[in-house]
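Undergrad: Make a model of this:
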Amino acid sequence: MSSRFLKWGLFSVGILTIISLLGWFYWQGYIFDGKPPDVLITHPSKNKEFILSPIKPKAREVIQIKVSDNKSVDKVILFLNNSQLKVFERNDKLSFNWETDSKGRYTFKAIAYDRAKNKGESKPVTITVKVKGILPQNYTGFQKPIETYVSASGVFLREGPSVNYRVIRTLRHKERVLVFGKWSSTSPNEAITTDRVTLVTFDGESIGLDRGKALLIVKKEEPYYIVSVQIDNRKVTGKLPVYAVKDIFNKPWYYIRTKEGKEGWVFGEFLEGVEESLR
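TA: Prediction:
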């Protein structure tokens, strides 16, 4: 008789344990839960656009997510253009600091899972990034602009960081400017004249070139460089003495703004003390 009561007691304890476990799993959201989480990207709350420029070379945004569930959220995954960007665990702050220096369309979406593996998905939010002006890859923007002055006369302010870009205007010696960032030349044949010099063309023409004149090195024939130069609306090829030509490969160009608001690129040779200010 006592053995029967013992078995019944053990059976009852087992049943109560199972019921307790089922109740715990239910209240914790692991079972009997068919409702998916509600998830929303709250910031930015709608599609947004950024315009990049050498003055503002990066787009930055804080992506914030709000999620709720009738039981308990297990994890939230943030996607960028359908690729997983960040996984937030149960107690993480649902916020992500995003930035880019490239133009494009960036679509964010959040998916939340509860403990029963129900899935909730947010509406997508798209950030469109455009570029204004010339913004080359590997451009470095300064945290704050550096004030300096032009160290030579007749210095060209160009649309882009290359001798191939159009001249916007000519800068004066000692003219004050603000410098916003820099980029280094990647073309091994770009060069400038370091002094006023005479180009002798293959047709026997002599053309005077000012200091800082843009040119392209074709080849070297000591003691000359064979160079190509844009003169008005024509390209001419001729000889320049080696001492009067300086290649600008891997040398910095700076993006500047003049006092009257003109913006453009200047070869670093003609700005005073920018690198020293960065140290």
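
Undergrad: tell me the contacts of the closest residue to Gly160 other than its chain neighbours?
TA: Once flanking residues are discounted, Gly160 sits nearest to Ile134: 3.8 Å by Cβ to Cβ, 6 or more residues apart in numbering. C-beta: built from backbone N, CA, C; applies to glycine. When the contact criterion is Cβ atoms under 8 Å, 6 or more residues apart in numbering, the partners of Ile134 are 54, 159-161, 165, 265.

Undergrad: Separate out the buried members of these.
TA: 54, 160-161, 165, 265 (16 or more other Cβ atoms under 10 Å).

Undergrad: Contacts only, for the closest residue to Glu99 other than its chain neighbours.
TA: Excluding the flanking residues, the one nearest Glu99 by Cβ to Cβ, 6+ apart is Arg60, at 4.4 Å. For Arg60, the contact set (Cβ under 8 Å, 6+ apart) comprises 97-99.

Undergrad: Tell me the secondary structure of Arg60, please.
TA: Each residue gets one of three states, and Arg60 gets strand by DSSP: H, G, I helix; E, B strand; the rest coil.

Undergrad: now it: how far from Ile231?
TA: 45 Å (Cβ to Cβ, to the nearest Å).

Undergrad: Equivalent analysis for Lys246, please.
TA: Taken as Cβ to Cβ, the span from Lys246 to Ile231 is 19 Å.

Undergrad: quick one: which of the contacts of Ile134 is nearest to Lys144?
TA: Pro54 (14.1 Å; Cβ to Cβ).

Undergrad: Let me know the secondary structure of the closest one.
TA: Classified using three-state DSSP, Pro54 is coil.

Undergrad: what sits opposite the residue nearest to it when sequence neighbours are not counted in the beta ladder?
TA: In space, Pro54 comes closest to Tyr255 once its chain neighbours are excluded; the distance is 3.8 Å by Cβ to Cβ, 6+ apart. Judged by DSSP bridges, the bridge partners of Tyr255 are Gly181, Trp265.

Undergrad: What does the pLDDT read for Tyr255?
TA: Note on Tyr255: pLDDT of 98.

Undergrad: Pretty sure Leu178 is one of the things it touches, is it not?
TA: No: using Cβ atoms under 8 Å, Tyr255 makes no contact with Leu178, being 9.5 Å away.

Undergrad: Would you mind telling me which of those two has the busier surroundings?
TA: Tyr255 (28 against 18; other Cβ atoms under 10 Å).

Undergrad: contacting residues around the more buried one?
TA: 54-55, 139, 161, 179-183, 263-265.

Undergrad: Could you save these as a markdown table and add columns showing pLDDT and distance to Val150?
TA: A markdown table is the format used below for the contacts of Tyr255 (pLDDT from 0 to 100; distance: Cβ to Cβ, whole Å):
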| residue | pLDDT | distance to Val150 |
| --- | --- | --- |
| Pro54 | 96 | 18 |
| Ile55 | 95 | 19 |
| Tyr139 | 95 | 21 |
| Pro161 | 92 | 16 |
| Val179 | 97 | 11 |
| Phe180 | 97 | 15 |
| Gly181 | 97 | 17 |
| Lys182 | 96 | 16 |
| Trp183 | 95 | 18 |
| Glu263 | 97 | 15 |
| Gly264 | 97 | 12 |
| Trp265 | 96 | 13 |
